[in-house]
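[1] with the input below, show me the fold.
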Amino acid sequence: MRRRQLKRLWHRLRELDQMKKLTRDGLLLKLGAAKHESPWAWRLVVVRLPKAGEAVSPETFTFRLDKEKLRQVRRREGRYLLRTNLPEEDPAKAWQFYMQLSQVEEAFKNLKGDLAVRPIYHQLERRIEAHIFVSFLACCVHVSLGEKARRLAPGLSARSVLEKFGTMQMLDVHFPTTDGRELIFRRYTQPEADQKLLLGQLKLTLPEQPPPRLSAKRELEM
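    Next up is the predicted model:
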């Protein structure tokens, strides 16, 4: 596993080294994705990054293998043993099933953490099914967001995207009128510079700010 990760990471670093017209921000995003895909191998590589304002060049972006740390890892690593009662002849299948278990555990972690799904004690079967269905839809949206971030904004997870957009809020502003009604403005906060960058990366557009409305049913004269 370590050798595969190191080989994949080294291949990716060489690709980035050969890319033309690569900006520093773009390099950081791509390196973040490479680190996310090969976390164990990343610790064995020493990367020199361009400083703020510097262009990406063979002098400002370099990488090398930390051979001393690699020797330490080889001396300390052990062996991984899986025991199973599955009558499967291919050992790769057993390892694949084991990795799927970690994905299921991650899904439950996301339901309790990012999606904040809490137990609700229902009495009727239809309400139990509705609760499960809504939770499943939320999980599907979370997975879709993570996949979209993986393709368009490498290095970011669904959790980091939600944290970044969590500061944006939708609020209603009420202004009383002279005839006893209220003029209501529904507005969302304008995104900051980093949020605009992330919206562009994910190819998302915010909806238009809704027009003002009166608490009565007649239209507002502008």
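[2] C-alpha from now on. contacts and neighbour counts both.
    Will do.
[3] quick one: the strands in this structure?
    45-48, 62-65, 170-176, 182-188, 213-214 (DSSP state E).
[4] could you single out the most deeply buried of those?
    strand 213-214 (a mean of 18; mean count of other C-alpha atoms under 10 Å).
[5] mind giving me the packing neighbours of that strand?
    For strand 213-214, the elements it packs on are strand 182-188, judged by 3 or more C-alpha pairs under 8 Å, 6 or more residues apart in numbering; DSSP states H and E.
[6] which residues sit against the strand it packs on?
    168-177, 209-215 (C-alpha atoms under 8 Å, 6 or more residues apart in numbering).
[7] one more: stretch 29-46?
    2, 5-6, 8-9, 12, 63-67, 69-70, 150, 153-156.
[8] can you spell out the domain ranges of the protein, please?
    Listed by automatic domain parsing, the domain ranges of the chain are 2-76, 91-163, 167-214.
[9] turn these into CSV, columns for mean pLDDT and distance to Asn85.
    As requested, the domains of the chain are exported to CSV (pLDDT from 0 to 100; distance: least, C-alpha to C-alpha, whole Å):
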stretch, mean pLDDT, distance to Asn85
domain 2-76, 87, 27
domain 91-163, 84, 10
domain 167-214, 87, 44
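[10] how about the ones you listed in a markdown table, adding distance to Arg83?
    Shown next, in a markdown table, are these (distance: least, C-alpha to C-alpha, whole Å):
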| stretch | distance to Arg83 |
| --- | --- |
| domain 2-76 | 21 |
| domain 91-163 | 9 |
| domain 167-214 | 42 |
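[11] dump the residue contacts of the spatially most central residue of the chain.
    Nearest residue to the geometric centre of the chain (C-alpha atoms, centre = their mean): Ser157, 1.5 Å. Contacts were defined as C-alpha under 8 Å, 6+ apart; by that measure Ser157 touches 146, 149-150.
[12] so which of those residues is the closest to Leu204?
    Ala149 (11.3 Å; C-alpha to C-alpha).
[13] how far away is the closest one from Phe108?
    Counting by C-alpha to C-alpha, to the nearest Å, the separation of Ala149 from Phe108 is 20 Å.
[14] which of these two has more neighbours?
    Taking neighbours as other C-alpha atoms under 10 Å, Ala149 and Phe108 compare with Ala149 leading, 20 against 13.
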